[in-house]
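> Just to be clear, the model below is a prediction. Sequence and coordinates:
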Amino acid sequence: MKHDKKSTMDLARRYAEQGDPNGWFEEFYARAEGNVEDIYWADLKVNPLLAAWLEGHPRPAGAAAAVIGCGLGDDAEALASRGYRVTAFDISASAIAMCRDRFPDSRVDYRVADLFALPAEWRQGFDLVYECNTIQILRGADRGRALHAMVDLVAPGGRILVSCRSRYEGEDLDAFPLALDRPEIDGFVRAGLVEESFLAYDDDQEPPVPHFFGVYRRPAPSP
Ligand SMILES: C[S@@+](CC[C@H](N)C(=O)[O-])C[C@H]1O[C@@H](n2cnc3c(N)ncnc32)[C@H](O)[C@@H]1O
């Protein structure tokens, strides 16, 4: 069955009313029955901001990367093609199955995993963590919980790259997805990371959609 924004909102609302606010992602992907075109939020190509960042930053030897809520896997594949050892996870088993079908020879370790219940050994285990559009699709207190779980993955001296839709504070509070405002994305700094770069820009859709692309680093311990 084809998804659109209205049917997606209805699906998310139905699961929330049943007390399972994050259960709808699996049904969303499963309904696509392997048809990538039905996953309307997937660009089916690497995020150009991620590609540009990778171009400008040589990979440290042996570096490990994690991709959060990896969807259909294009960003994870881009990181693997730059030589990172990539773990890419999503709460939806059907999404992960689609990644494995799309990239059968991939070096990415695709995993079904819930950001809110990650393996303990992943804690501060990744030199580069990539988050694109996961927080914005969550509601309420899960957004802050998600941010802290993401920060928890970043190794000492490592970075997290955060790509998301943006909005002004107090604006569009009923929107779905709910874009991040500046105080919310600054939560990465409040959680102990250092902002290394920050870009607010409009994308190339018609009409353009405002976005943030932030890079945050966990300070390395002093020698
Ligand atoms: C809006 S999509 C973005 C997908 C992909 N990052 C992209 O940019 O195309 C959000 C993704 O987060 C996943 N997700 C939502 N909650 C999650 C959780 N608790 N743990 C892991 N993945 C989650 C969803 O299944 C979905 O694939």
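Thanks, I have the structure now.
> The helix or strand harbouring His211: partners in the sheet, and parallel or antiparallel?
Using DSSP states H and E, the element containing His211 is strand 210-217. Take DSSP bridges as the rule and strand 210-217 pairs in its sheet with strand 154-165 (antiparallel), strand 194-202 (antiparallel).
> so which of those is the most packed in?
The highest mean neighbour count among the strands paired with strand 210-217, using mean count of other CB atoms under 10 Å, belongs to strand 154-165: a mean of 21. C-beta: built from backbone N, CA, C; applies to glycine.
> same question for the helix or strand following that strand, mean pLDDT?
As assigned by DSSP H and E, the chain's next helix or strand after strand 154-165 is helix 182-185. Averaging pLDDT along helix 182-185 yields 98.
> Can we start the residue count at 10 from this point?
OK, 10 is where the count begins now, so the last one is helix 191-194.
> distance of His157 from the ligand?
For His157, the distance to the ligand equals 13 Å [CB to the nearest ligand atom, to the nearest Å].
> Let me fix that, I meant to ask about Glu180.
Going from Glu180 to the ligand by CB to the nearest ligand atom gives 20 Å.
> about what we covered before: can the strand holding His220 be found next to the ligand?
No - counting by CB under 6 Å from any ligand atom, the ligand is not contacted by strand 219-226; separation bottoms out at 11.6 Å.
> Which positions in that strand come out as buried?
His220, Phe221, Phe222, Gly223, Val224, Tyr225, Arg226 (16 or more other CB atoms under 10 Å).
> Now tabulate the strands paired with strand 219-226 in CSV and tack on mean pLDDT and distance to the ligand.
Below are these laid out as CSV (pLDDT from 0 to 100; distance: least, CB to the nearest ligand atom, whole Å):
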stretch, mean pLDDT, distance to the ligand
strand 163-174, 98, 7
strand 203-211, 98, 16
